[in-house]
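based on what follows, work out the 3D shape:
(chains A, B and C)
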Amino acid sequence: MVNRMSARRLEDSQTPRFAPGDRVQVPSRPVLGHCRTPWYVRGKRGVICAVHGRFRDPERLAYHFPGLPAQVLYKVRFAQQEVWPSYRGRADDHIEIDIYEHWLEPAR
Amino acid sequence: MAPKRKTMPRKGAGGRAAHDIGGLNFGKIDRAEHDPALWEKRTDAMQRLLTSPGKRAFSVDGLRRVIEDYGEQVYDRTTYYEKWIRALRNLVVEQELMTRAELETRMAEVRARHAKAGRRVSKAKIPW
Amino acid sequence: MHEDDHDHGAEGAAHGGHAHPPLQKDHDAGTMSPYEVLEEALRSLLIEKGILSAEEIAGAVDLMDSRTPTLGAKVIARAWVDPAFKKRLLKDTRAALLELDIDIGTIAEFATVENTPEVHNVIVCTLCSCYPKMLLGLPPAWYKSLAYRSRTVVDPRGVLGEFGLELPGEVELRVHDSTADLRYLVLPMRPKATRGWSEAALAAIVTRDCMIGTALPRVTAKAGPRRAQRAA
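I've put the predicted structure just below:
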């Protein structure tokens, strides 16, 4: 059995923009069309916890484009108390979301 | 035939799309187990096949995009597979694999055949 | 007009190779919904136009039927007994599954998140219902529900409470929203009371909900390796 990758993933030798441990922020910008960055995390700050690799851009794939340039996909960890003003759980509860590079900026 | 579903008006909530519901509260979770019907399994099968590298008729992202454009009333009131079979229909027509007319004709034939075999068949239409 | 004896529209030869009775009158099956009509119409046209074949569709249905929580449980049990496999599972889930002859195909990548005494993981997809179906099969209806999708990210403890799961106060609750090309699998902690159990006995206590994060494996009086009968 051949070990193959998801068809949406591309090999890549370029250095990703962010690395694990980097503090990042999701911009609050208007969205036109298909988007996989949830509403609840816009404007929130988190930390990169993993770099998944480069994948075709779903925002382009959704309209029959090839999804290029492929975007680096990151796992980003947010404190629940940062995301939800009235979160009623532990201070160290977290939520982790997979976010494409073009939806991340360095945290201010 | 669709189960009674709570709908939650959320348009105008500053740009949140109908499907983007993380953080809202749609109430208690109904944990009843339902085996998918055969038509639902076939919907899933056709979706996997048509989006596979071998066929590439369209992408799963395209299907999601179509579903996201339904509007919140339809979104909240249809089941998971109802959403997906409708999206498959829209995309095969969008990609010109068949025409709307061909589908509507075939649906009429399917209805007639099952009615003739003694089954009650809904005449409801699924909006394009 | 089709007078087709080999009609795949009802419970015909959908499961390639299995014998089925001919089309039966389903008087008590309820009204056929327009979505069910659409599925049959769409499928028949795709087949007629040579885009898909009936065999391919039946094969794809059978493939998904063969992926079940039992398969996932075997993976968890293997990780419990074999620390090196567990490490490989956490590092590269696709490759580790391939070792067990489980090919997850090209839909998505998989990742495994491990429960520890400090962290409990739970999986959701708020935007649609992404789920590791190439291992666990089709997701339960509740996973796809608006209630689960909306509430799990903001009130995970409340949601787990509805599933009868109360976590100790000092455990971090970590929610994973499957927003992109990864599907997540929870590796639950092995209960202490399972020391010496076989892989098969271990797999038997790993339920689907354990691998989503809405349950924990439970050791009950009935569970466990059968004790050999002593000769009288």
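
how about the residues of chain A by chain B?
A:7, A:30-31, A:33-35, A:38-40, A:58-59, A:61-64, A:67, A:84 (CB under 8 Å from any CB of the partner chain). Just so you know, the C-beta spots here come from the backbone N, C-alpha and C atoms, and that holds for glycine as well.

now restrict the residues you listed to buried residues only.
Neighbour counting with 16 or more other CB atoms under 10 Å in any protein chain shown marks A:7, A:34-35, A:38-40, A:58-59, A:61-62, A:64, A:67, A:84 as buried within the residues of chain A next to chain B.

and the helix ranked longest in chain C, anywhere near chain B?
Identified as the longest helix of chain C according to DSSP state H is helix C:34-48. Yes. Helix C:34-48 is in contact with chain B by CB under 8 Å from any CB, via C:34-46.

out of those, who's nearest A:E11?
In terms of CB to CB, no member of those lies closer to A:E11 than C:L46, at 33.0 Å.

grab the nearest non-local neighbour of C:G169.
A:R90 (7.9 Å; CB to CB, 6 or more residues apart in numbering or on different chains).

low-confidence bits of the chain, can you list those?
In the absence of a named chain, chain A is used. Scanning chain A for pLDDT under 70 picks out the ranges A:1-5.

looking at chain B here, not the other one
Those would be B:1-14, if you go by pLDDT under 70 across chain B.

what about 90?
Filtered on pLDDT under 90, chain B yields the residue ranges B:1-16, B:34, B:53-56, B:71-73, B:123, B:128.

how about chain C?
C:1-30, C:107, C:169, C:220-232.

so which bits of it are right by chain A?
Chain C has residues C:94-95, C:98, C:101, C:103, C:106-109, C:126-127, C:153-157, C:169, C:171-182 near chain A, with proximity defined as CB under 8 Å from any CB.

do that again at 7 Å, thanks
C:94-95, C:98, C:101, C:103, C:106-109, C:126-127, C:153-154, C:156-157, C:172-177, C:179-182 (CB under 7 Å from any CB of the partner chain).

the longest helix of chain C packs against which elements?
Under the contact criterion of 3 or more CB pairs under 7 Å, 6 or more residues apart in numbering or on different chains; DSSP states H and E, helix C:34-48 touches helix B:38-50, helix B:80-94, helix B:100-116.

report the buried residues of that helix.
C:34-47.

could you give the angle of it to helix B:38-50?
Interaxial angle, helix C:34-48 versus helix B:38-50 (axes from the mean of the first three to the mean of the last three CA atoms, to 10 degrees): 40 degrees.

CA atoms only: put helix C:34-48 into PDB for me.
Presented in PDB, the C-alpha positions along helix C:34-48 are these (Å, rounded to 0.1, in the frame of the first residue of the first chain):
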ATOM      1  CA  PRO C  34     -38.000  14.900  -2.600                       C
ATOM      2  CA  TYR C  35     -34.400  14.400  -1.500                       C
ATOM      3  CA  GLU C  36     -34.600  10.700  -1.800                       C
ATOM      4  CA  VAL C  37     -36.200  11.200  -5.300                       C
ATOM      5  CA  LEU C  38     -33.400  13.600  -6.200                       C
ATOM      6  CA  GLU C  39     -30.700  11.100  -5.000                       C
ATOM      7  CA  GLU C  40     -32.100   8.400  -7.300                       C
ATOM      8  CA  ALA C  41     -32.500  10.800 -10.200                       C
ATOM      9  CA  LEU C  42     -29.000  12.200  -9.900                       C
ATOM     10  CA  ARG C  43     -27.400   8.800  -9.500                       C
ATOM     11  CA  SER C  44     -29.200   7.300 -12.500                       C
ATOM     12  CA  LEU C  45     -28.200  10.200 -14.700                       C
ATOM     13  CA  LEU C  46     -24.500  10.100 -13.500                       C
ATOM     14  CA  ILE C  47     -24.500   6.400 -14.400                       C
ATOM     15  CA  GLU C  48     -26.200   6.900 -17.800                       C
END
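
run a quick neighbour tally on C:D82.
Residues within reach of C:D82, counting by other CB atoms under 10 Å in any protein chain shown, total 13.

do A:R90 as well
Per other CB under 10 Å, the neighbour tally for A:R90 reads 16.

contacts for the longest helix of chain C, please.
Outside helix C:34-48, the residues that touch it by CB atoms under 7 Å, 6 or more residues apart in numbering or on different chains are B:39, B:42-43, B:46, B:82, B:85, B:88-89, B:92, B:98, B:102-103, B:106-107, B:110-111, B:121-122, B:124-126, C:9, C:52-54, C:57.

just stretch B:47-57 next, same as before
Against stretch B:47-57 from outside (CB under 7 Å, 6+ apart): A:7, B:58-60, B:63, B:84, B:88, B:92, B:95, B:97, C:52, C:56-57, C:60, C:106-107.
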